[in-house]
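Visitor: kindly return the folded structure for what I paste below:
(chains A, B and C)
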Amino acid sequence: MRYWLMKSEPDDCSIDDLAAMPGQTVAWYGVRNYQARNFMRDQMQLGDLAFFYHSSCAEPGIAGIVEVARRAYPDATQFDVSSRFFDAKSSHENPRWLNVDVRFVRKTPLIALAELRRHAALEQMRVLQKASRLSITPVDPAEWRYITEQLIGSA
DNA sequence: GCCAACGTTGGC
DNA sequence: GCCAACGTTGGC
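Guide: Sure thing, here's the model as predicted:
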């Protein structure tokens, strides 16, 4: 059982959008970075929990919690010529990109990026490192506990 | 809109 | 295999 942080642009899919989806579940498609893909392929297990992080928006930060509802399988958008995620170099025989499905667990009070930065206990978090662009990052269990108990729990 | 940081591409 | 050029991310 691992913990993660997964970035989503709320203009594309916010935590409220996810909560409104059928089954409150969505395919985490569109990841086009090998490191993030490998996390999904090699390490994500059913039931893993992740912070749902809003990025590239007015108030970046943690907005909710999701769980892995299906293990990694080929990302359909890589084969869809009409998709902005289409990849001509991928093939059905040897798909380059994968995604998991995630399911809504709960919404949280927004824990802003600026707030996360205020806590020394979190200073090693990947998402707080300078120019951290990786859309999926592992979260240390101690960091997970700190955020859920100290920040979300008291908010 | 700016810009720093980073990943990818492709020529050599 | 190097590395410059380019594209993207994402906070501000």
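Visitor: nearest to DNA strand B: which residue in chain A?
Guide: Closest approach between chain A and DNA strand B, counting by CB to the nearest atom of the strand: A:A131, at 3.0 Å. Backbone N, C-alpha and C define where each C-beta goes, glycine included.
Visitor: which secondary structure state does that residue sit in?
Guide: At A:A131, secondary structure determined by DSSP: H, G, I helix; E, B strand; the rest coil is coil.
Visitor: quick one: pLDDT of the residue of chain A positioned farthest from its centre?
Guide: Distance from the C-alpha centroid of chain A peaks at A:E93, with 26.8 Å (CA atoms, centre = their mean). We have a pLDDT of 90 for A:E93.
Visitor: separation between it and A:F79?
Guide: A:E93 sits 11 Å away from A:F79, going by CB to CB, to the nearest Å.
Visitor: ok, how many other residues are close to A:L18?
Guide: A:L18 has 21 neighbours, counted by other CB atoms under 10 Å.
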